[in-house]
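Participant: Sequence and predicted structure are below.
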Amino acid sequence: MAIQSRTDEELKKLALDIFSGHVFTDRHLQDPHDLTRLFMVLNFLNEENLAELRADPPGLIYEYLSEAGPRSVNGLPSFFSMKMLNQADTEKMFKLYEEIKAQFGKLAVPA
């Protein structure tokens, strides 16, 4: 269950989509227990997949809000799917995010 590396263009698009509010990430959570409540697919991983995630944990778990289920949990979206970034890509993506944030400030970014 190795997490595939993303291209620079994919990381830039993700950074822009997070900035513009189209993506929900594990960083939005205040309670770590909400991770399995909101990204429900994590509850269905087998022991082998869990061992792989523990050995090489993702840097970021996220999903597009357009993929949210019909119900919320404590006012937060819930998902039956998820995407992950590896540690190195997460670091690159957040650098791009900070550049976008510095460039656009608090202005809304066109979708």
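Facilitator: Done, it's in.
Participant: how distant is the helix or strand where residue 48 lies from the center of its chain?
Facilitator: Assigned by DSSP states H and E, residue 48 belongs to helix 47-55. Using CA atoms, centre = their mean, to the nearest Å, the mean C-alpha position of helix 47-55 is found 19 Å from that of the whole chain.
Participant: so after it, what's the next helix or strand?
Facilitator: strand 60-64.
Participant: ranges for the helices of the chain?
Facilitator: 8-19, 34-38, 47-55, 87-104 (DSSP state H).
Participant: Mind checking these for the one nearest to residue 79?
Facilitator: Nearest to residue 79, of all the helices of the chain, is helix 34-38, at 6.3 Å by CB to CB. Quick note: C-beta positions are derived from backbone N, CA and C, even for glycine.
Participant: Check which helices and strands the closest one sits against.
Facilitator: Helix 34-38 makes packing contacts with strand 68-73, strand 76-79 when contacts are defined by 3 or more CB pairs under 8 Å, 6 or more residues apart in numbering; DSSP states H and E.
Participant: got the buried residues for it?
Facilitator: Residues 34, 38 are the ones in helix 34-38 that count as buried (16 or more other CB atoms under 10 Å).
Participant: same thing with stretch 57-73?
Facilitator: 58, 59, 60, 61, 62, 63, 68.
Participant: repeat for stretch 71-80
Facilitator: Those would be 76, 77, 78, 79, for stretch 71-80 by 16+ other CB under 10 Å.
Participant: first vs last residue of it, how far apart are they?
Facilitator: 11 Å (CA to CA, to the nearest Å).
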